[in-house]
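J.: Pasting the sequence and the predicted coordinates here, then a few questions.
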Amino acid sequence: MSKNWVAGNGGVAAAGAVEYRTLFALSYAMSIRIVLVGTTHPGNIGAVARAMKNMGLSDLRLVQPKYFPHEDATARASGASDILERAVVTNTLAEALSDCVYVAGASARSRTINWPCMGPRDCAERLIRESANGTVACVFGPEKTGLHNDDLDLCHTLLTIPTDPGFSSLNLAMAVQVITYELRVASMLDEGPVFDVEAPPASSEEMEHFYEHLENVLRDIRFLDPDNPRHLMRRMRRKGDFPSLSRSMVDLNRLNDDDPAVCADKVAAIILRDYALTNEAEFFAVATETFFEQPDAMAKRHQELFGVLKDYYRVDPRDWRETRAAAAGGAPEDSK
């Protein structure tokens, strides 16, 4: 084997490695989004842009910034003005996250509701893995108040940076720099996607449709407290890993069939076969939803499980339909 041949092939390999790194860098930069909500000081926006560019990120979204564009932002960007020029301003956080498949919300405040919580390193690794399936985001709130609970409802996990309890306040750009550094490190340790290609995770917009549908169903069956429905819904968002529902699960909410019995049968079959087996908590959550939404189909396909849930909740949802039908002077739908 000649020295020139080895050198030549080494050159090809090196060129391939460079090309791969270039493509990976582009993918990394395009799939990770930084979102700032209600930023009051334009200089902080510029400093965040600089922190992002330091770590190879470029997708910046601004939700109702107080001042933008602004000369202070450009000055503090220190060469990262291209990030500011491409920044997208939105009216709502939901708009900024509509196409995201996984979202982390940065917060230093303790919450009354037990949100899932990660430190910067674990969160960065999770975000990098999820980015194989679509856009992911880190969200940062206003400098003085941080993110509100309504903002965190759109996030899959809380992200907290461990600091000295005696002085825990971090400048916004400092917090972003910590997270973007961990993202950069985690990108070098990427282990690939956590979801199958056939069942990619639902986007933030799709998940909001899911939660809207779920809340309407729980209202209809009077499961929610009518005086404070949002309280329980917020807790349900935090149970297990609801936000990682696959698109196939979200699509179930759009099932439409001329024959209600056929539609119900499809729902019961798909739900209890697919997503419910993720873990014990998800099985209970999905089985409960199926129990209340599709009691006839569940009783038909999973008689023993239906009996267990009926004993647990001390109610048979099939009786409600019969009661309503009797009050209306008609027969239950399934008996027609």
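T.: Right, received. Where do you want to start?
J.: any idea how far Trp115 is from Leu159?
T.: Distance from Trp115 to Leu159, counting by C-beta to C-beta, to the nearest Å: 10 Å. Backbone N, C-alpha and C define where each C-beta goes, glycine included.
J.: Among these two, which residue is more densely surrounded?
T.: Leu159 (27 against 21; other C-beta atoms under 10 Å).
J.: For that one, grab phi and psi.
T.: Backbone torsions of Leu159, given as degrees, to the nearest 10, read phi -120, psi 120.
J.: Identify the bridge partners of it.
T.: Ala106, Met118 (DSSP bridges).
J.: if I pick it, what's in contact with it?
T.: If you count contacts by C-beta atoms under 8 Å, 6 or more residues apart in numbering, Leu159 has them with 104-107, 117-120, 123, 138, 179.
J.: Strands of the stretch 101-250 of the chain, start to end?
T.: 117-118, 135-140, 157-159 (DSSP state E, counting those that start in this stretch).
J.: right, and those - which one's nearest Thr90?
T.: strand 135-140 (12.0 Å; C-beta to C-beta).
J.: May I have the closest one as CSV, with CA atoms only?
T.: Taking Å, rounded to 0.1, in the frame of the first residue of the first chain, the C-alpha atoms of strand 135-140 are listed here in CSV:
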residue,chain,number,x,y,z
THR,A,135,-37.5,21.9,16.9
VAL,A,136,-37.0,22.1,20.6
ALA,A,137,-36.9,25.3,22.8
CYS,A,138,-35.7,26.9,26.0
VAL,A,139,-38.0,29.6,27.3
PHE,A,140,-36.9,32.4,29.6
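J.: Check which helices and strands that strand is in contact with.
T.: Strand 135-140 makes packing contacts with helix 3-31, strand 32-37, helix 93-97, strand 100-106, helix 120-130, helix 172-187 when contacts are defined by 3 or more C-beta pairs under 8 Å, 6 or more residues apart in numbering; DSSP states H and E.
J.: tell me the angle of it relative to helix 120-130?
T.: Comparing the axes of strand 135-140 and helix 120-130 via axes from the mean of the first three to the mean of the last three C-alpha atoms, to 10 degrees yields an angle of 150 degrees.
J.: Alright, that wraps it up for me.
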